[in-house]
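*Asks:* fold the stuff below for me.
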Amino acid sequence: MGTAKSLQFDHRDRQRIYEYVERRGSVDPETVREELLPEDSRGFRHHVSMLRRDGHLTLTDDGELAVAFDDAGHEEFARGDQAFAVRPARQEDLTGIVGVIRRVAEPGDHIVAETVAQEIDREDALLRHNEVESRMFFVATVEDEVVGWAHFRAPELAKLRHTAELTVGVLPEYRGNGLGSHLLSRALEWAGQSGYEKVYQSVPATNDAAVEFLEAHGWEIEAVREDHYRIEDEYVDELMLAVEL
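*Replies:* Predicted coordinates:
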């Protein structure tokens, strides 16, 4: 289940190659070979072939190695004279996603999303799948520019592997076109197909728009943590909303 094939390796060098790529998001194959197997070009090519065969790694359009995720498809639609697309994110979307999240989080009421932006910017790796966590993104684009995102983070701990945390957002000037609903629908469809049973999101109680959006799509408030946030010197409750898949 989850965002990628289960992490089972039948050769130590294949595990080393996978972990090297996973930490970096995407990387030129020759760089990996020179770093890990400089004296064994043939063995390196064979290990990469097996990792690709087993669904662990893939080649990007730029010829770099990256973690392989199930292809969730590319959807296009239009509102008026504006065309939109919703698709799985790629490593090259990282800068655009960080910029959109920070813009949406400027009012201070998207705390978890703000943390996500800091994390991927620091790690310089967008998609993750390792023994600790999996991370998946979908993006909404206009003329190939990111204008919205949906993000999943799922722990690999067996007792929690059926759950995932979600964040979603759209730039203010593109709201009202159904982008948020498209992103949420696509992300939850993928989550259900990947074996997740419950998705949750935590937001400050002051984020009325987020709460109304999620409740309109069938989410329910499951818990309240009083005075969990301090925003502009005011203590604010945290609301945890969730939906069963």
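
*Asks:* how many neighbours does the nearest residue to Leu184 once chain neighbours are set aside have?
*Replies:* Distances taken as C-beta to C-beta, 6 or more residues apart in numbering put Val168 closest to Leu184, at 5.5 Å, once the chain neighbours are dropped. (Each C-beta comes from the backbone N, C-alpha and C, glycine too.) Close neighbours of Val168, defined as other C-beta atoms under 10 Å, add up to 25.

*Asks:* does Val168 belong to a helix, a strand or coil?
*Replies:* At Val168 the chain is in strand, as set by DSSP: H, G, I helix; E, B strand; the rest coil.

*Asks:* check contacts around it.
*Replies:* The neighbours of Val168, taking C-beta atoms under 8 Å, 6 or more residues apart in numbering as the test, are Gly148, Trp149, Ala150, His151, Gly180, Leu183, Leu184, Ala187, Gln201.

*Asks:* adding secondary structure, neighbour count and distance to Gln91, write these out as CSV.
*Replies:* Below are the contacts of Val168 laid out as CSV (DSSP: H, G, I helix; E, B strand; the rest coil; neighbours: other C-beta atoms under 10 Å; distance: C-beta to C-beta, whole Å):
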residue, secondary structure, neighbour count, distance to Gln91
Gly148, strand, 26, 18
Trp149, strand, 27, 14
Ala150, strand, 26, 17
His151, strand, 26, 14
Gly180, helix, 22, 24
Leu183, helix, 22, 19
Leu184, helix, 20, 23
Ala187, helix, 25, 18
Gln201, strand, 20, 24
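
*Asks:* need the max-distance pair from the residues you listed.
*Replies:* Using C-beta to C-beta, the two most remote members of these are Gly148 and Gln201, lying 15.3 Å apart.

*Asks:* wait, which of the contacts of Val168 is closest to Leu160?
*Replies:* Leu160 has its nearest neighbour among those in Gln201, at 15.5 Å by C-beta to C-beta.

*Asks:* so the closest one sits against His217, correct?
*Replies:* No - judged on C-beta atoms under 8 Å, Gln201 makes no contact with His217 at a distance of 11.0 Å.

*Asks:* before we move on, what SS does Tyr235 have?
*Replies:* Secondary structure, three-state DSSP: Tyr235 is strand.

*Asks:* show me what contacts it?
*Replies:* Asp227, Tyr229.

*Asks:* still on that earlier bit, got a pLDDT number for the residue nearest to Leu184?
*Replies:* Per-residue confidence (pLDDT) for Val168: 96.

*Asks:* right, I'll call it a day here.
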